[in-house]
Every structure is written in C-alpha cells, then in structure tokens.
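Novice: fold the following for me, if possible:
(chains A and B)
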Amino acid sequence: MRAAVRIAAWLYAVAIYGFIFLPVVVLVLFSLQATSFPIPPFTGPSLRWYQAVLSDTRLTSALVNSLLVAVLSSLTSVTLGFLSAWGFARFVLPGSAILRGLITLPLTVSYLIIGMGLLVLFNWAGVPKSLLAAGIGHVVINLPLCFAIIYSQMGDHQINIERAARDLGAAEWKVLLMITVPVMAPAIFAGFFLSMTFSWDEFVISFLLTRFETTLPVEIWNLLRSGLNPKTNAVGSLVFAVSIVLVVFFELTLLRRKPA
Amino acid sequence: MSISGSNSRALPWALVTPALAWTLAFFVLPFIAMGLSSLTAHEGGGLTLANYSQFFTDPSYWRAMVNSLEVTAIVTVISILLAYPFAWILAEQVPERWQRLALMLAVLPFWTSYVVRSYSWLLVLAQNGVINRALTGIGLIAEPLQLANTRFATVTGFVHFFVMLLTLTIFANLKQLSPSYRKAAADLGAGPVRTFLHVVLPLTLPGIMVGAFLTFVLCIGDYITPQILGGNNELVMPQLVMMQIGRRGDFPLASALSIILMAVVTVAYLACARWLKIERA
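Specialist: Reported below is the predicted structural model:
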C-alpha cells in the first residue's frame, strides 16, 4: 500500500513536470531546427535562426528598448518604493495605513486596466504614445511591489543602527545613504530585479502605450502574425535565457538575506 | 536636536510624497479619466449611460462575459485539482534537501516570456504540431485534431501557468502545517484519508482560496493567452476591450467594459475576503 502510493506519487510528479516543461522544451528544441518550419520531425541542429534574430534590427532595437525601459523604470520604482517605505517605517504619519494601502492598490488591478486608464488620460492630455509613456506604466505596476518588499524588510534592529548614527552626529541624508541603504541592500536588490523581470516581460501596457519604438514582447507579438516561425522560437529562447539570468540574480540576493 | 526638530515634520512627507504623487497621477487620475470616459458617447460629447446599457442589452457582449467567467472557473478548478497533489508530493514525498530544487524546477517555465509561452503551446497544439504529429505517427488518429484556436487551447495555456502558481501557494501552506496535527489525528485513530479530509484539507483551505483568487483575477483580466491560443472564435472580455481600442478607437466603450470587468473582480474579492484576511493576519 505504501509502495503503491509512492509509485503513484512519482508517476504523477513526472507527468506534471512533463506538462510544465513540454512547451519550453519544444520552443528551445525547434529554435535549433534548420528548416523553415518549427514542426516535427526535428531535422538536426543549426544556429541560423539565432543569427537571423541577431541581424534583425527591429528585434535588436526592441531588445535594447526593453532593457532601457526595464532598467530605468525599475530604478525609479525602487527609489520611490525605498524612500516611501523608509518614511512609513520610521515616522508616524497621519492616515499612514490608508496611504500605504493607496500605494499598494495597483497590485490588485489587472495590467490591461492600468494600461487602458493611462491611454485614456494621455489621450486627453495630448501626451503621445512613446517608450516613456510605457515606462511610466511600468513604474505604476512595479512601485507597489518594491514598496511592499522593502517595507516588509524594515526591521527594528535597523532602527537602532540608524539611531546610533544620529547620536554620533550624522545628518539624515547621511544616515539614509550610509546606513539604511547598505543595510537594506538585499531587499532593494530583490525589488529591483523582480521589477526588471516584470518590466522585461510586460506586454499589454507597452502594446497600448507605444507606437513606433516598442519593447521586445510587442515585437514578438508582431512576429506571431506570420504564424509559426522558427525565428520566434529563437527570440523566445533568448528571452528565456535573459530571464533565467535575472532570476538567478534574484535568488542570490534573496539567499544572501538569510544569515545562515 | 534643533535642526532635526525643525526637519522632522517636513522630512517624512518629503520621503513618501513622490511615491504617493506617482500613484495619484498615474493610477488614480487615469482611473477617474476612464470612469468619465465611460460615461461619454464615442462621437460627440455629453454624458450618457449608453456604453453600459449596450453591454447589458447586446447579447454578443454579454456572451463575452459569460465566456470569461466560464473559462476562468474551469481553469481555476482544474488548476487546483492538478496542483494540490503535486504540491503535496513536493512537500511530503520529496526528501527535505531536494525540495528547494524540485520547487525551483517546477516554476522554472514561469520565467519564460508570457507571450512566448502561449506561442509555445501553439507549437504543441497546432494542426501539424507535436501532439497531432505524434498521434497520427502512431496511427491513433487519421486526421489531425483541431486543438489550437479552441477553448481547449486557451484552458491548457492558462492551466499551465496557474498550476505553477498554485503549486507555490499550496506548497507554502502545506509546509507551514505543523506535523503534530497529523500525529494527533493518527493517535486518535484516524486513517490517512480521514486525516487528510478532516485535518489537512481544512487547514490548507486559506492557501487554496488565496491561490484561487489570484488565479481568478489574473485569468479573467488576461488578453494574451485567449488571443494567441483561443483565436477569435470565442471572445473573452479583455479581447472585447482591446477590440474596441484597436479596431474602432472607441475609448468610451472600452472604458465601460474595463470598469465592468473590474467590478466583477471586486465582487470576487468580497466573496473571498474572509479567507484572504485570514492569510494576511
């Protein structure tokens, strides 16, 4: 009976792993396919589609745009998130709970609706569609995330270090830059890299708010119109590789937080 | 003391104001703009409820909401049923030292691009895709099955995503459960099935509900997966919203539909609020 449960559990786990990995394996496998169609049977490895992606200026400039938007919007999110988290954690403010709720509220609203709202507002205000407009949207979705991560990590032992610094005559900005930022570095990095992965992968806001210059997910979306295409597989595999690098960074910063 | 004394009132506001201002300017204000826009007519100004009444009277719009709710309900139920045993296996059957690795592997495809992940399912489900080739290859079917551009495809793509998500939330919940509960139940004579049904399952219900709520919110608001995998045969609400913008430039109607969608999510939140609060406390 015990052994039967074990075997059933193993079979089930293998089946679920198979289901979870099936599309990813297919994606990467057929990105290495030499022929023009990413369909079975697999006809041997080739890197020609990776070459095609890297020599496609639309895709490479979209990739640069994506990185630019991801880095700048994440820096903005993490800066605003950190300052407000510090403010709320260290000082008593009237209506603090409501204000904190306001900052985290965008987490509960779908990206489509956030993008729609900005589109309507920018349209009324006469702000043209651009990477900047999309970047503003990315800060809207990532600021609450950065705030929540950093705020949750503001502990009491840090207050004492800050107090000690103040007692020794440090000005507030010195306390902030030389004590709080280094002490909070793991949470700040975690917020930054998580924002990076979300911004890097965000589609619907960028789709609504950009026109001529767009981000990589939007360019990939445009590629999809041509149907199944090995170039899409190659660019998808590259995106996967970049995401994995970001996730490894994220894991390392999270792991570093644990003292043990 | 004197310097920091005069600073101490201005400083905290200087810290929190940028974040608050950003949220007000680019989240609250757009939302108000969307609300006002939903009350105007597409052509010509003037306040009107026409956009809302169109939704409630036009059966094709109504149909999109029904499709959205049906797909979301199916996806949520299947994802929970698949993820729960998997999370249990990871938490109970996998040796402690391998658990972190096993969980990381289980969520690894999370980190592929979302657009690309839906497209990858197209490679699997297409007419000449992996599944049809395999089935015709072994002679099980003569003609390829229509798998892509169906509700089945949409549900598969969604379930793939949410099994990973629910595995995370349920796993965390199972790990928090003290083993002494199970020991106590066993000492009192309950078999493994009764222990599970009467002890483990009720205690992990909050985790399931949080996961189910996340699934509901993310699934009903998603445009990418239904558009890539479901095609245009059976529209869901986000597709309808995007269609108003893309093809017709009808922002007022798109705004009204977005607000209706948000209202549905709010109702779901209120329905789950009991469990969601337990989790937060």
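Novice: need the nearest residue in space to the residue of the stretch 101-250 of chain B found nearest chain A, chain neighbours excluded.
Specialist: Nearest to chain A in the stretch 101-250 of chain B, going by CB to the nearest CB, is residue B:221, at a distance of 2.9 Å. For every residue, glycine as well, the C-beta is placed using N, CA and C. Once flanking residues are discounted, residue B:221 sits nearest to residue A:110: 2.9 Å by CB to CB, 6 or more residues apart in numbering or on different chains.
Novice: report how many residues lie close to the one you found.
Specialist: Close neighbours of residue A:110, defined as other CB atoms under 10 Å in any protein chain shown, add up to 21.
Novice: tell me the contacts of it?
Specialist: B:217, B:218, B:220, B:221, B:222, B:238, B:261, B:262, B:265 (CB atoms under 8 Å, 6 or more residues apart in numbering or on different chains).
Novice: burial of the fifth one, as a residue count?
Specialist: It refers to residue B:222. Residue B:222 has 27 nearby residues by other CB under 10 Å.
Novice: ditto for the first one
Specialist: A count of neighbours around residue B:217, defined by other CB under 10 Å, yields 19.
Novice: can you pull the phi/psi pair for it?
Specialist: Phi and psi for residue B:217, reported as degrees, to the nearest 10, are phi -60, psi -50.
Novice: list the contacts for it?
Specialist: A:108, A:110, B:265, B:268, B:269.
Novice: if you rank these by neighbours, which is first?
Specialist: residue A:110 (21 neighbours).
Novice: quick check: phi and psi on it?
Specialist: phi -70, psi 150.
Novice: show me the shaky parts of the stretch 151-281 of chain B.
Specialist: Counting by pLDDT under 70, the ranges of the stretch 151-281 of chain B that qualify are B:274-281.
Novice: show me what from it comes close to chain A.
Specialist: B:160, B:163-164, B:217-218, B:220-224, B:228, B:238, B:241-242, B:245, B:251, B:254-255, B:258, B:261-262, B:265, B:269 (CB under 8 Å from any CB of the partner chain).
Novice: just the buried ones from these, in ChimeraX syntax?
Specialist: Of these, the buried ones go into a single ChimeraX selection, burial set by 16 or more other CB atoms under 10 Å in any protein chain shown:
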select /B:160,163,164,217,218,220,221,222,223,224,228,238,241,242,245,251,254,255,258,261,262,265
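Novice: returning to that earlier point: just the ones of the contacts of residue B:217 in helices?
Specialist: Judged by DSSP state H, these include B:265, B:268, B:269 as members of helices.
Novice: quick one, helices of the chain?
Specialist: All of this refers to chain A. A:2-31, A:48-54, A:57-90, A:96-104, A:111-125, A:131-152, A:156-167, A:172-175, A:181-183, A:185-201, A:204-209, A:216-224, A:230-257.
Novice: my bad, chain B
Specialist: So, for chain B - with DSSP H - the helices run B:2-23, B:29-38, B:50-57, B:59-88, B:96-107, B:114-125, B:130-137, B:151-176, B:179-187, B:192-195, B:201-220, B:224-225, B:237-246, B:251-280.
Novice: tell me the buried residues in the fourth one?
Specialist: For helix B:59-88, a neighbour-count test (16+ other CB under 10 Å) marks B:61, B:64-65, B:67-69, B:71-72, B:74-76, B:78-80, B:82-88 as buried.
Novice: same question for stretch A:161-181.
Specialist: Buried-residue list, stretch A:161-181, by 16+ other CB under 10 Å: A:162, A:165, A:170, A:172, A:175, A:176, A:179, A:180.
Novice: so which of those residues reach chain B?
Specialist: residue A:172.
Novice: closest to residue B:36 among the buried residues of stretch A:161-181?
Specialist: Among the buried residues of stretch A:161-181, residue A:176 lies closest to residue B:36 (CB to CB), at 39.9 Å.
Novice: now the closest one, nearest residue through space, not along the chain?
Specialist: Nearest to residue A:176 is residue A:86, by CB to CB, 6+ apart, at 7.0 Å.
Novice: show me the contacts for that neighbour.
Specialist: Taking CB under 8 Å, 6+ apart, one finds A:150, A:154, A:176, A:180, B:15 in contact with residue A:86.
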